[in-house]
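Novice: Pasting the sequence and the predicted model now:
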Amino acid sequence: MPKCPMHSPPVADVLALGTVTSVGNCGGPQIPYRGGRIDATGPGASGVPAPDTDLATTLSFFANAGFNKVDSIKLTACGHTLGSVHHGGFPTVMDNSTVSPNNTQGAGHLDSTNAGFDIDVVEEYVSGTGQRGGPLVTSFNESSRSDLRLYESDNNTTMQSLAKGGTEGFFGTCVDLLGRMLNTVPANVRLTDVVEPMNIKPVNVTFDIDDTGTAILTGVIRYLTTATAPTSLTISAGSATQKTTALSAQGSSIFGITSFYPFTLAFPSTSSNDSLPASLTVISEASTSQTYALEPRLFFTPSLSSIVPTSTVNSSFVNIVAALAPSVSSPVAVIAFPTVQEGTLAPKMMHQNVTLEVVGTKAGYSLVGGNATLPTGLMRQLSVDIVTMVDGMEVVDAFNFVPQI
């Protein structure tokens, strides 16, 4: 029996990646990202000081995470270059007078460019201009001036030093400290090397069988560049080749500009196994090529699978069909789906095995199917792996998304 593969990334890794991309997308520096964290299985000690927390207790929170006083001041400045403090969440910081028709949430910005990651929070504090360091410095309630207590704890030496270092120095400091924060893990956890994005990456590439019984391979090539993307790419797999052009819509990120090249390759119907190609080649206009492995021995079939709401409130029927070559047998579908966890916004990933049985044949493949009834809540984030064992080795078609009806 194949084991349940754990392909879903830990929520801790997702949160770390979210921090990296948020800082970068708001105009800040690129923080090197490493993966490999593990999720907590229970609550830890509370680690976030409140606005009215005294200085000694605040510093103890930072010390427990490995940061000294100077680190604590710098890390607070890095974190408070973005965002606002709202009356609804912190009435002891922002009083009723902050609420108005033009500011219904009673928001007080932490600096004058609260949507941009920059040095303004430091410079405005040191110079006494703009937001002067934000509401946690200037609050009407002295006991809620937590940032002021921290900044003044070394007579403003650290904040003045940050200001003198300019944007380059501030960014370097934030990369170091935010990186340390993200990479603080239990002693038994070993993070990966720095993860760099692939310039050319196949996305949502999957075999399927169309209505005529023809096996097809569909997907998108994501092309990342800091220059001009090629007008077209040539995609080939086995005897099938297609020249495809980019979609008009592009994406952008801290890593560069992304262009997307959709493709569909068709293969003649066959009665023998292993006739579908085991690799996909992408050739650019400069004639450089990259090749990626495919798994033709078993694959999830999107056109034959579906998610359908049931008559029971908050549940859905998940129907899974996969194609299986004669050279493999006994596959299992493993459904990964998120469920709500009490006390946290982060979902918990659950896994359920579904036994697959023969339901027909197409294009020389056996069709195997199974089903499960699952909670509807986060169904759009559900994914399916098809897994089996071949000669003692696990064979997996992973991260497949089921169409919703």
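Specialist: Now that the structure is in, tell me what you want to look at.
Novice: Quick one: residues in contact with the longest helix along the chain.
Specialist: Secondary structure of the chain per DSSP state H: the longest helix is helix 166-182. For helix 166-182, the surrounding residues in contact (C-beta atoms under 8 Å, 6 or more residues apart in numbering) are 16, 19-20, 23, 28-34, 65-67, 71, 74-75, 77-78, 117-119, 122, 162, 165. Where C-beta positions appear, they are placed from N, C-alpha and C, glycine not excepted.
Novice: change it to 7 Å
Specialist: Contacts of helix 166-182 with the rest of the structure, by C-beta atoms under 7 Å, 6 or more residues apart in numbering, involve 16, 19, 23, 28-29, 31-32, 71, 74-75, 78, 118-119, 122, 162.
Novice: Same check on stretch 201-211?
Specialist: 215-222, 276, 280, 292, 296, 299-303, 323, 362-363, 400.
Novice: Buried subset of the residues you listed as a PyMOL selection?
Specialist: What follows is the PyMOL syntax for the buried subset of the contacts of stretch 201-211, where burial is set by 16 or more other C-beta atoms under 10 Å:
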select buried, resi 215+216+217+218+219+220+221+222+276+280+296+299+300+301+302+323+362+363+400
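Novice: any weak-confidence spans in the stretch 301-405 of the chain?
Specialist: Scanning the stretch 301-405 of the chain for pLDDT under 70 picks out 313, 376-379.
Novice: For it, which segments are assigned as strands?
Specialist: Using DSSP state E, counting those that start in this stretch, the strands of the stretch 301-405 of the chain run over 306-309, 315-324, 332-339, 348-355, 357-362, 365-375, 383-390, 393-400.
Novice: For N183, which of those strands is the nearest?
Specialist: strand 348-355 (22.3 Å; C-beta to C-beta).
Novice: Which secondary structure elements does the closest one sit against?
Specialist: Secondary-structure packing of strand 348-355 (3 or more C-beta pairs under 7 Å, 6 or more residues apart in numbering; DSSP states H and E): strand 332-339, strand 365-375.
Novice: What strands flank it, and is each parallel or antiparallel?
Specialist: strand 332-339 (antiparallel) (DSSP bridges).
Novice: Next, find the distance separating I216 from V203.
Specialist: Counting by C-beta to C-beta, to the nearest Å, the separation of I216 from V203 is 16 Å.
Novice: again with V308
Specialist: 26 Å.
Novice: ok, back up a step: nearest to D147 among the strands of the stretch 301-405 of the chain would be which one?
Specialist: The closest of the strands of the stretch 301-405 of the chain to D147 is strand 348-355. By C-beta to C-beta, the value is 34.3 Å.
Novice: Counting neighbours, which bits of that closest one end up buried?
Specialist: Residues of strand 348-355 classed as buried by neighbour count (16+ other C-beta under 10 Å): M349, N353, V354.
Novice: Mind putting those residues into JSON lines with distance to L59?
Specialist: As requested, the buried residues of strand 348-355 are exported to JSON lines (distance: C-beta to C-beta, whole Å):
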{"residue": "M349", "distance to L59": "36"}
{"residue": "N353", "distance to L59": "49"}
{"residue": "V354", "distance to L59": "52"}
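Novice: Out of those, flag the one nearest to I386.
Specialist: Out of the buried residues of strand 348-355, the member with the shortest distance to I386 (by C-beta to C-beta) is V354, at 9.9 Å.
Novice: For the closest one, give the beta-bridge partners.
Specialist: A333.
Novice: Return the distance of it relative to G370.
Specialist: In terms of C-beta to C-beta, V354 sits 4 Å off from G370.
Novice: if I look at the two, which residues touch both of them?
Specialist: Joint contacts of V354 and G370 (C-beta under 7 Å, 6+ apart) are I320, A333.
Novice: domains for this protein, by residue range?
Specialist: Structural domains assigned to the chain are 11-182, 200-294, 299-400, following automatic domain parsing.
Novice: before we move on, the earlier item: can you tell me which of the helices and strands packed on strand 348-355 comes nearest to V318?
Specialist: Of all these, strand 365-375 comes closest under C-beta to C-beta, at 5.0 Å.
Novice: The closest one: partners in the sheet, and parallel or antiparallel?
Specialist: Sheet pairing of strand 365-375 (DSSP bridges) gives strand 315-324 (antiparallel), strand 357-362 (antiparallel).
Novice: ranking these by burial, who's on top?
Specialist: Most buried of the strands paired with strand 365-375 by mean neighbour count (mean count of other C-beta atoms under 10 Å) is strand 315-324; its value is a mean of 22.
Novice: List the contacts of that strand.
Specialist: 209, 298-301, 304-310, 331, 333, 335, 354, 356, 359, 362, 365-376, 379, 384, 386, 402.
Novice: will you turn the domains of the chain into a markdown table that also has distance to N188?
Specialist: Conversion of those to a markdown table gives the following (distance: least, C-beta to C-beta, whole Å):
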| stretch | distance to N188 |
| --- | --- |
| domain 11-182 | 9 |
| domain 200-294 | 31 |
| domain 299-400 | 21 |
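Novice: what about stretch 237-257, distance to the chain center?
Specialist: Offset of stretch 237-257 from its chain centre (C-alpha atoms, centre = their mean, to the nearest Å): 21 Å.
Novice: what does stretch 350-361 give?
Specialist: 28 Å.
Novice: Equivalent analysis for stretch 346-363, please.
Specialist: With C-alpha atoms, centre = their mean as the basis, stretch 346-363 stands 24 Å off its chain's centre.
Novice: measure it end to end?
Specialist: Its first and final residues considered, stretch 346-363 spans 42 Å by C-alpha to C-alpha, to the nearest Å.
Novice: what does stretch 226-239 give?
Specialist: 33 Å.
Novice: And that stretch, what's buried?
Specialist: Neighbour-count burial for stretch 226-239, counted by 16+ other C-beta under 10 Å, picks out A229, P230, L233, T234, I235, S236, A237, G238.
Novice: With stretch 178-195 instead?
Specialist: For stretch 178-195, by 16+ other C-beta under 10 Å, it's L178, G179, M181, L182, N183, L191.
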